[in-house]
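**Student:** Got a predicted structure plus its sequence, pasted below:
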Amino acid sequence: MKTLDDLQFDNRFARLGDAFSTPVEPEPIDEPRVVVVSEAALALLDLDPAEAERDVFAQLFTGHTLWSEAQPRAMVYSGHQFGSYNPRLGDGRGLLLGEVLNDAGEHWDLHLKGAGQTPYSRMGDGRAVLRSSIREFLASEALHALGIPTSRALCVTGSTTPVWREKQETAAMVLRLAPSHVRFGHFEYFYYTQQPEQLKQLAEHVLSSHYPQCLEQPEPHAAFFREVVERNAELIAYWQAYGFCHGVMNTDNMSILGITFDYGPYAFLDDFDAHFICNHSDDGGRYSFSNQVPIAHWNLAALAQALTPYVSVEQLRETLELFLPLHQAHYLDLMRQRLGLRNGEDGDELLVQRLLTLMQTSAVDYTGFFRELGDSAPDQALSRLREDFVDLAGFDAWAADYRQRIERDGTDDRAQRQARMHAVNPRYILRNYLAQQAIEAAERGDYEPVRELHRVLSNPFTEQPGMERYAERPPEWGKHLEISCSS
Ligand code: AMP
Ligand code: MG
C-alpha cells in the first residue's frame, strides 16, 4: 500500500511533445471538499484507502497542489460531432496530470476534469459542475462493476466556486483514470491537419504502449485497426445488452482502447425502448439507443479514414465489415446468458427480438425483467412477469417457446439456474432518478446519498439487505427525466 507521496510517474504522452499537448497548470477551486472516493480505483494506484482522509488528497484533486513529477498538459484532438467534422477540439477543461506506474507495471492516466481553461476551451469556462462530475463518477464505477469496459473515476471534489450554467451552480472536479486518453479524434486531428510525422508518432505511441501484440504482426497498423474494431463490437454489445445509452457518440468521445468514455447525458433504460434518446439536444436521434450499433460502425469508418496512410482502403473495408457480425455474436452471447441459456441455438436471435418487441409495447422495466426471471423457477417467474405485459397472447406464445428452449438447453436445479442468472443480471442499476436524488442531496451539502449509491452499485449483482429501495422501479416522475446536457 502506498501513500500519495509514493506515486511513481512515467509520462509517456507528455514526452511526445508540444505538437500533441500543451503544458497548462490547473486553476484551483475554492474551499475544496471530498464528495466521494472509489476505493476500488484507489487500489489501481496501490493507494491506501486512508489516504483519502488526508488534507493533501482534496488539495491534489482540486488543483491546489501537484506532485513534482506530474506534468499537467492539455491534449489536442478533433473529431466528428453529430456527423460533422470539427477540425479542432482538445482538452477544454480537463488536464492529463501524468501517468502513474503501479506495482503491477500498468500505466494509469490521471486526468483532472474541470481544472480550468486551456488553449482548447474555445468559449467555455474550463469548469465542470458538481452534478455532471458526480454523474461521471457514478457511471464509471457502476459500469466497471457490471463488467463493462470503461474509464474509471477516483474521486469527486467539490468547492464553493460559482459556475454559471442554466443557473448558478458550484465547480467540482472528477479525477478520471484510464490506461490512455487517446481518442479516435486524436488520429483524425493529425490526419486532417496533414501532419504525417506526428500521425506516425501517435500510431507508434498507441501501438507500443497499448497494443504491443500488434507490433508482432506482419502489418501492425492493420492488426491494430482490427483489434479496435473487435473491442468496439464487444463494447457496444455490452451497452445494448445492459441497456446503456451513451448519448454523445462523437468520435472525440470514442476511446482508442474500446472502453466507455466521456460520460455526459447518458442513461440506463428504465422501461425498454429501442428508440430512446437520452440526450435532449439530439433532436434527430442520431445517438438513440438502437442507433448505437450503426453509429459505432460509422465512427470506426471515421477512424479508418485516418489510417489510410498505413493500411490499404480495401483492407480497412474488409475489417470494417467484421464489425456487425462480431457485434451480433457478442450481443447474442450476452443475451443468452441473461436469459439463463448455456448453449446457442439458431432461433435465439428471434427469441430475443420477440421479447424486446413485447417489452417495448408494454414498457416493461428492462433490468427488473431479467433479474426476476432468475429469481424463481421458470414457470413461477414467467407467471409473475406476465402481469407486466399488455399483449398477453404475445407474451404467452413467447413464454411457451422460451420454456421449450430452456428444456432443450438441459435441466439444471433451481439454485444453479438462479446463481447463474443473478451473476449476470444486476439487482441494482444506475437509474437516472437515483443519480438525481443523490445529486440533489450533494448540492445541499449532504454527500452520504452519493456515497451510499456508489457502494450499492459497486456490487450490483449481490442482494444487499437494507438497500431494497435502490432496486425499486422508478416512480412516474423519475422516468424519462430531462437530464441537462450542460455540464
Ligand atoms: P464534451 O461534450 O464534454 O465531450 O466536450 C466537447 C468539447 O468541449 C471538448 O473539447 C471539451 O473539452 C469542451 N468543453 C466542454 N465543456 C467545456 C467547458 N465548460 N469549458 C471549456 N471547454 C469545454
Ligand atoms: Mg468529450
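**Tutor:** Great, that's in hand. Numbering: from 1, shown residues only. Ligands and ions are numbered 1, 2, ... in the order given.

**Student:** What residue in the stretch 201-350 of the chain comes nearest to ligand 2?
**Tutor:** As assessed by Cβ to the ion, ligand 2 sits closest to Asp262 within the stretch 201-350 of the chain, at 4.0 Å. All C-beta atoms are positioned from the backbone trio N, CA, C, and that covers glycine.

**Student:** Per-residue confidence, the closest residue to that residue other than its chain neighbours, what does it come out as?
**Tutor:** Closest residue to Asp262 apart from its sequence neighbours, by Cβ to Cβ, 6 or more residues apart in numbering: Asn253 at 3.9 Å. If you check Asn253, the pLDDT there is 98.

**Student:** before we move on, the earlier item: since we're on the residue of the stretch 201-350 of the chain closest to ligand 2, how many residues are nearby?
**Tutor:** Neighbours of Asp262 under the rule other Cβ atoms under 10 Å: 21.

**Student:** Same question for Gly105.
**Tutor:** The burial count for Gly105: 6, using other Cβ under 10 Å.

**Student:** How about Gln418?
**Tutor:** 17.

**Student:** Quick check, it in contact with Gly374.
**Tutor:** Yes: if you go by Cβ atoms under 8 Å, Gln418 and Gly374 touch, sitting 5.3 Å apart.

**Student:** Relative to Leu4, how far out is Ala58?
**Tutor:** According to Cβ to Cβ, to the nearest Å, Ala58 stands 11 Å off from Leu4.

**Student:** and those two? which has more neighbours close in?
**Tutor:** Per other Cβ under 10 Å, whichever of Ala58 and Leu4 has more neighbours is Ala58, with 21 against 17.

**Student:** who touches the closest residue to the more buried one other than its chain neighbours in this structure?
**Tutor:** Nearest-residue entry for Ala58: Pro32, 4.1 Å, with adjacent residues in sequence omitted and distances by Cβ to Cβ, 6+ apart. Residues near Pro32 by Cβ atoms under 8 Å, 6 or more residues apart in numbering: 58-59, 61-62, 64, 157-159.

**Student:** Out of the residues you listed, which is nearest to Phe13?
**Tutor:** Phe61 (19.8 Å; Cβ to Cβ).

**Student:** Let's have the contacts of Pro32 in JSON lines, adding distance to Gly147.
**Tutor:** As requested, those are exported to JSON lines (distance: Cβ to Cβ, whole Å):
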{"residue": "Ala58", "distance to Gly147": "31"}
{"residue": "Gln59", "distance to Gly147": "34"}
{"residue": "Phe61", "distance to Gly147": "27"}
{"residue": "Thr62", "distance to Gly147": "32"}
{"residue": "His64", "distance to Gly147": "36"}
{"residue": "Thr157", "distance to Gly147": "28"}
{"residue": "Gly158", "distance to Gly147": "30"}
{"residue": "Ser159", "distance to Gly147": "34"}
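
**Student:** Is it possible to get JSON lines of these that adds distance to ligand 1, secondary structure and pLDDT?
**Tutor:** Formatted as JSON lines, the contacts of Pro32 follow (distance: Cβ to the nearest ligand atom, whole Å; DSSP: H, G, I helix; E, B strand; the rest coil; pLDDT from 0 to 100):
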{"residue": "Ala58", "distance to ligand 1": "22", "secondary structure": "helix", "pLDDT": "98"}
{"residue": "Gln59", "distance to ligand 1": "23", "secondary structure": "helix", "pLDDT": "98"}
{"residue": "Phe61", "distance to ligand 1": "18", "secondary structure": "coil", "pLDDT": "98"}
{"residue": "Thr62", "distance to ligand 1": "16", "secondary structure": "coil", "pLDDT": "98"}
{"residue": "His64", "distance to ligand 1": "20", "secondary structure": "coil", "pLDDT": "98"}
{"residue": "Thr157", "distance to ligand 1": "17", "secondary structure": "strand", "pLDDT": "98"}
{"residue": "Gly158", "distance to ligand 1": "16", "secondary structure": "strand", "pLDDT": "98"}
{"residue": "Ser159", "distance to ligand 1": "15", "secondary structure": "strand", "pLDDT": "98"}
